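Novice: The following block contains a protein sequence and its predicted model.
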Amino acid sequence: MPGSLDDVLGLLPVSTKLRTVAALVSVPALLAATGCGLYARPGAAGNGEAGKAAAAAAPVPDAAKKQTPAGEEAFTRHFFATVNHAFASGKTDALVPLSAPTCQICRATIGDISYAFARGQIRGGDVTIQKIGPVKKADGFSNRLVTYSEEKYEEVDGAGKVLYAQPAKKGYQMVVKLTWTGSGWQVAQLNRHGRAAT
């Protein structure tokens with residue numbers, strides 16, 4: 001099942017699109033879906049970065065807890081770093097509280113990650129944010145246009161067989177819609193905009 005950030009923003013795997021009925025995302029994926037480097041779980045082939053996958057996801061930084069434009073940007077960067085960690089480790093518990101219940105793509109990304117790790121693991125897909133645009137307020141949400149790149153994404157089984165793959169992406173854009181809960185930010189929605197104009 002596809003699950004790279006671009007799929008999930010798209011970025012939704014075909015099967016997930018059918019399940020979520022035209023849900024928008026994987027920055028895999030950030031959310032899932034939002035993405036990660038060539039990580040491996042212990043005992044699996046990889047590039048020696050299994051420690052990153054095994055480590056706990058970083059907590060929300062203080063800078064990302066402020067109801068300011070700078071706080072929004074810090075939170076957006078933290079969200080995709082958490083997506084990367086989930087792709088590397090298969091652990092989505094830190095991603096759940098960053099995602100509003102209304103974010104269908106966030107929910108789909110979390111499900112896709114669990115599905116991929118039930119069959120094996122995810123390799124690649126690291127999302128790198130290149131630019132975050134200025135705040136645009138609409139309907140009570142803060143919208144940030146994010147330009148990003150994503151490394152090649154693969155889902156493999158326990159024997160290392162590639163079950164699904166997506167090529168690397170560069171210079172793609174999405175709108176990250178943020179909502180303030182009173183105690184912090186959450187991603188309310190992710191909308192893919194395709195490749196950035198050059």
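Specialist: Right, received. Where do you want to start? Numbering: from 1, shown residues only.
Novice: C-alpha from now on. contacts and neighbour counts both.
Specialist: OK.
Novice: can you pull out the strands in this protein?
Specialist: Applying DSSP state E to the chain gives strands spanning 120-124, 127-132, 136-138, 141-150, 153-157, 162-166, 169-180, 185-195.
Novice: lowest-confidence helix or strand of the protein?
Specialist: Least confident helix or strand of the chain, by mean pLDDT, DSSP states H and E, is helix 14-20 with a mean of 37.
Novice: For residue 183, grab the count of nearby residues.
Specialist: Other residues within reach of residue 183, judged by other Cα atoms under 10 Å, total 9.
Novice: State the pLDDT value of the residue in the chain sticking out farthest from the centre.
Specialist: Most distant from the centre of the chain: residue 159, at 25.4 Å, with distances by Cα atoms, centre = their mean. With respect to pLDDT, residue 159 has a value of 95.
Novice: Can you tell me how far it is from residue 121?
Specialist: 10 Å (Cα to Cα, to the nearest Å).
Novice: got any residues that touch both of those two?
Specialist: Residues touching both residue 159 and residue 121 by Cα atoms under 8 Å, 6 or more residues apart in numbering: none at all.
Novice: Next, count neighbours for the residue lying closest to residue 95 once chain neighbours are set aside.
Specialist: The spatially closest residue to residue 95, leaving aside those adjacent along the chain, is residue 82, at 6.1 Å (Cα to Cα, 6 or more residues apart in numbering). Each residue near residue 82 was counted by other Cα under 10 Å, and the total is 31.
Novice: Identify the residues contacting residue 82.
Specialist: Neighbours of residue 82 in contact, by Cα under 8 Å, 6+ apart: 57, 58, 94, 95.
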